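Engineer: sequence below, structure please.
(one chain, ligands or ions: 1)
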Amino acid sequence: MKTVRLGIAGLGHVGCGLIDLVERQADLRLPGKVEIVGVSARSRSRNRPVDISGYRWFDDAASLAEDSDVDVFVELMGGSDGPAKFAVEEALKAGKPVVTANKALIAMHGQALEELAQTKGVDLMFEAAVAGGVPIVRVLRDSLTGVAVKRVTGILNGTCNYLTTTMLNTGRSYEDVLEEAQRLGYAEADPTLDVSGMDAAHKAAILASIAFTADLDFDKVSVKGVDTIELVDLSFADRLGLRIKLITEGVLTESGVVCRVAPMAMPIDHPLARIDGALNTVRVEGDPLGAVTLTGPGAGAGPTASAVMGDISKLFSPTARSPFGRAAHHQVRRFVAAEPTERCPFFVRVKLSDRPGALASLTEALALHGVSVDKLLQDSADDNDVSPVAIVTHACSRGEIDAATERLSALETNIGMLQVIPIDAAGKREPGR
Ligand SMILES: NC(=O)c1ccc[n+]([C@@H]2O[C@H](COP(=O)([O-])OP(=O)(O)OC[C@H]3O[C@@H](n4cnc5c(N)ncnc54)[C@H](OP(=O)(O)O)[C@@H]3O)[C@@H](O)[C@H]2O)c1
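Structural biologist: As a prediction, the model looks like this:
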């Protein structure tokens with residue numbers, strides 16, 4: 001089994017999230033083994049959620065980047081300049097691949113760093129820099145190469161989306177919700193980068209550069225944030241069937257690539273209008289694809305670290321992998337049939353003959369097998385005296401609903417085939433026990 005040895009600079013949210021992932025890599029599907037050979041941050045003694053005492057400490061990130069034991073340098077310090085930029089440059093100059101989550105660095109200096117990486121023939125990877133756990137960089141760069149991209153739109157700042165969503169849903173002011181977001185840790189103590197639109201602009205520029213093979217020129221990006229949005233704007237828009245969101249856009253025009261970030265109003269049935277809370281989403285439109293949309297957690301230690309790890313796993317050599325991504329050291333799992341104890345609500349549709357007591361016999365038959373009714377709709381009987389009934393049950397097991405269905409089918413008042421469809425209430429089906 002191959003091993004990749006990491007030097008990790010930056011032990012904050014994402015850095016500690018990555019160390020945690022490295023420590024439980026047996027659960028992952030990496031092509032080989034990942035080891036940490038050294039770590040660096042500002043303070044060695046700071047309390048952290050992971051134990052770093054077993055790793056070599058470097059006061060200086062650049063020395064870690066150049067250390068001969070390090071195969072891959074992972075930069076998780078942040079900041080477009082200063083130590084992050086210097087250490088990344090030193091790693092690339094030393095011929096080491098770099099993985100970073102630093103959107104400010106890539107947006108401001110990505111072009112020069114790309115040149116340096118290519119001169120040295122090493123990878124510079126930054127999946128985690130855009131939309132955290134949503135794998136949009138790789139999809140855009142590697143999977144959608146057969147698409148002539150026309151437009152990339154997105155919601156790329158979870159804090160702004162949380163603010164506008166929560167203001168509208170709770171009727172509270174911008175200041176009030178921002179203060180809450182800071183208290184809950186969704187927004188930074190200094191939220192300026194987020195609410196000014198700058199953070200989203202960094203990400204939008206990176207995506208536009210990849211989508212349109214454009215030289216990344218951040219000075220040309222137009223940026224407006226949500227810091228001027230008031231509750232009255234959101235509620236008036238709502239009454240007009242619109243949602244206001246901070247939208248990023250990169251679009252190919254005849255004169256070049258236009259990249260902007262601004263609050264936009266859109267009809268409530270627009271795919272981006274339905275993205276609420278701290279989620280991120282990216283929609284890529286192009287020919288002959290049409291459109292594809294990816295949505296998921298755009299920040300947070302775990303999701304962001306998983307994107308960093310995804311990049312690291314691309315750096316094992318040889319790069320050719322088994323078609324299903326399996327390696328000899330992976331645990332071999334087997335397919336099993338769905339557990340009859342798996343629990344969820346069900347949609348049940350029955351056709352009853354229009355007789356007194358027919359409905360009661362239906363609910364009794366369900367109750368006999370432990371299936372209770374959450375919602376019930378009944379239509380008037382048709383010309384043949386057949387009355388359709390639809391039921392949403394409370395969560396029950398597949399075994400319970402199967403037994404109840406058998407009993408329902410045998411009812412004298414039942415006519416024809418029943419319909420029984422499991423309801424996936426936002427992916428909340430409980431596994432079998
Ligand atoms: N947090 C997220 O959800 C998220 C999502 C996507 C991308 N990112 C990006 O990931 C990177 C890290 O974010 P984070 O949230 O983990 O940041 P963070 O919690 O603030 O941690 C930053 C880490 O870098 C170290 N550091 C900062 N300045 C340094 C310097 N001058 N020299 C040496 N070490 C320095 C800090 O050291 P001390 O601990 O000793 O102070 C800390 O360990 C940033 O580029 C961010 O934009 C973050």
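Engineer: enumerate every residue touching the closest residue to the ligand within the stretch 151-300 of the chain.
Structural biologist: The nearest approach of the stretch 151-300 of the chain to the ligand comes at Ala299, 3.3 Å away (CB to the nearest ligand atom). C-beta here means a position set from N, CA and C on the backbone, and glycine is covered the same way. For Ala299, the contact set (CB atoms under 8 Å, 6 or more residues apart in numbering) comprises Gly132, Gly158, Ala278, Asn280.
Engineer: near the ligand, anything from the helix or strand containing Gly286?
Structural biologist: Using DSSP states H and E, Gly286 falls within strand 279-287. No. Contact of strand 279-287 with the ligand (CB under 6 Å from any ligand atom) is absent, the minimum separation being 9.7 Å.
Engineer: please save the CA atoms from that strand in CSV.
Structural biologist: Below are the C-alpha coordinates for strand 279-287, written out as CSV (Å, rounded to 0.1, in the frame of the first residue of the first chain):
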residue,chain,number,x,y,z
LEU,A,279,-26.2,25.6,2.3
ASN,A,280,-24.1,26.3,-0.8
THR,A,281,-25.2,25.5,-4.3
VAL,A,282,-23.6,25.8,-7.8
ARG,A,283,-25.5,25.6,-11.1
VAL,A,284,-23.5,25.0,-14.3
GLU,A,285,-25.3,25.7,-17.6
GLY,A,286,-23.7,24.7,-20.9
ASP,A,287,-24.0,23.0,-24.2
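Engineer: what are the contacting residues of it?
Structural biologist: Residues contacting strand 279-287 (CB under 8 Å, 6+ apart): 130-132, 134, 136, 139-140, 144, 147-158, 161, 207, 211, 271-272, 275, 291-299.
Engineer: out of these, which are buried?
Structural biologist: 130-132, 134, 136, 139-140, 144, 147, 149-158, 161, 207, 211, 272, 275, 294-295, 297-299 (16 or more other CB atoms under 10 Å).
Engineer: narrow those residues to those in helices?
Structural biologist: Using DSSP state H, Ile136, Gly158, Asn161, Leu207, Ala211 are the members of these that sit in helices.
Engineer: now, which of these lie close to the ligand?
Structural biologist: Among these, the ligand is touched by none when using CB under 6 Å from any ligand atom.
Engineer: can you list the residues of the stretch 151-300 of the chain near the ligand?
Structural biologist: Counting by CB under 6 Å from any ligand atom, the stretch 151-300 of the chain sits next to the ligand at Ala299, Gly300.
Engineer: distance of Pro49 from Gly78?
Structural biologist: Counting by CB to CB, to the nearest Å, the gap between Pro49 and Gly78 amounts to 18 Å.
Engineer: looking at those two, which is more packed in?
Structural biologist: Gly78 (18 against 11; other CB atoms under 10 Å).
Engineer: relative to the ligand, how far out is that one?
Structural biologist: 3 Å (CB to the nearest ligand atom, to the nearest Å).
Engineer: that residue: helix or strand, and which one exactly?
Structural biologist: For Gly78, there is no host helix or strand (DSSP H and E).
Engineer: can you give me the pLDDT of the residue nearest to it when sequence neighbours are not counted?
Structural biologist: Nearest residue to Gly78 in three dimensions, chain neighbours excluded: Asn102, at 5.7 Å (CB to CB, 6 or more residues apart in numbering). On pLDDT, Asn102 comes in at 97.
Engineer: was I right about Asn102 contacting Ala129?
Structural biologist: Yes. With contact defined as CB atoms under 8 Å, Asn102 counts as touching Ala129 (6.0 Å).
Engineer: residue contacts, the residue most central in space within the chain?
Structural biologist: By CA atoms, centre = their mean, the mean C-alpha position of the chain lies nearest to Gly296, the distance being 2.2 Å. Applying CB under 8 Å, 6+ apart to Gly296 gives the contacts Ala131, Gly132, Gly133, Val134, Leu279, Asn280, Thr281, Pro303.
Engineer: tell me what it is bridged to.
Structural biologist: Per DSSP bridges, the residues bridged to Gly296 are Asn280.
Engineer: and the gap between it and Leu18?
Structural biologist: Gly296 sits 18 Å away from Leu18, going by CB to CB.
Engineer: which pLDDT does the model give the residue in the stretch 301-433 of the chain that the ligand sits nearest to?
Structural biologist: Relative to the ligand, the nearest point of the stretch 301-433 of the chain is Thr304 (4.0 Å; CB to the nearest ligand atom). Turning to Thr304, the model gives it a pLDDT of 96.
Engineer: go on, Ala338?
Structural biologist: 70.
Engineer: three-state assignment of it?
Structural biologist: Secondary structure assignment for Ala338 (DSSP: H, G, I helix; E, B strand; the rest coil): coil.
Engineer: any idea how far the residue of the stretch 151-300 of the chain closest to the ligand is from Ser80?
Structural biologist: For Ala299, the distance to Ser80 equals 18 Å [CB to CB].
Engineer: and what of Gly300?
Structural biologist: In terms of CB to CB, Gly300 sits 22 Å off from Ser80.
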